[in-house]
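In: Quick check, what structure comes out for this input:
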Amino acid sequence: HKPNILLGFNEPDRPDQANMSVSKGVELWPRLMELDIPLVSPACSLGGEWSWLNSWNNQISNKGYRCEYAGAHWYSGPSSTNLLNYIDTVQSAAGGKPVWLTMFSVVDWSKGNADWSDDTNSNFILEFPWRAAANNNLRKYAIFIFSGGPPTNQRHRTNPRSHFRPNNATLHPFGTAYPA
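Out: Coordinates of the predicted model:
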C-alpha cells in the first residue's frame, strides 16, 4: 500500500539524527519524489531552519525539484506566540511552503534557568490548538510525548517538560488537556 504523504529526513542538521549535509539531502530527494506523493521537507532541529532548511530549499528549487510542505520541530518554553512566530520563520526559510509541525513539546533547554509551572504548560496546550486553527500557514501538528513520573508538587514545580503521562499510562493534566 502506497502512503498518502511522506515526511522528509529527521533533523538532518544534527549528528545524532539523520546527520546529512545539505548536498546529500538534495542528492537523495529525487528518490522520494519518485513515489509521486506529496512530500514534507526535512524537519530540522530548532535553529536549523536557516542554516540547513533554507539552503536545502534554495537548492531543490534551483533544480526544479518539488516539495509541498515544510517540516518543523519545536521544543521550547510554553508560549503559543513564540511557537506561531517560529512557524512563520520556518515558512519563510522554506520559500513560503505551508508548515507541518511534526514534533513540538515544552522543554527547558536552559538547565533550569527558565521559570514556568505545570499550570503554564496546561494553559499553553489549551491555547495553542485554538490559535493554530486560525493560522493559514500551519497544516498539521503533532506533540512529542514525554513520559515520566508525576512531580511531587505539580502546581509549584518549575520548568517541567510537557509530560503527557507517567509510566503507568494515566494522563497528567497536560495530557488530558491536549486535544487528540
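In: so the residue nearest to the spatial centre of the chain, which of the three states?
Out: For the chain, residue 73 is the residue whose C-alpha lies nearest the centre (Cα atoms, centre = their mean; 2.2 Å). Taking DSSP: H, G, I helix; E, B strand; the rest coil as the rule, one finds residue 73 in the strand state.
In: who touches the closest residue in space to it that isn't next to it in sequence in this structure?
Out: Leaving aside its sequence neighbours, residue 73 sits nearest to residue 103 (Cβ to Cβ, 6 or more residues apart in numbering; 4.5 Å). In short, each C-beta sits where N, CA and C put it, glycine included. Counting by Cβ atoms under 8 Å, 6 or more residues apart in numbering, residue 103 makes contact with 43, 73-75, 142-144.
In: repeat that with 7 Å
Out: 73, 142, 144 (Cβ atoms under 7 Å, 6 or more residues apart in numbering).
In: Including pLDDT, could these go into TSV?
Out: Output for the contacts of residue 103, formatted as TSV (pLDDT from 0 to 100):
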residue	pLDDT
73	92
142	89
144	81
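In: mind giving me TSV with those residues and columns for distance to residue 126?
Out: Converted to TSV, the contacts of residue 103 look like this (distance: Cβ to Cβ, whole Å):
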residue	distance to residue 126
73	21
142	17
144	18
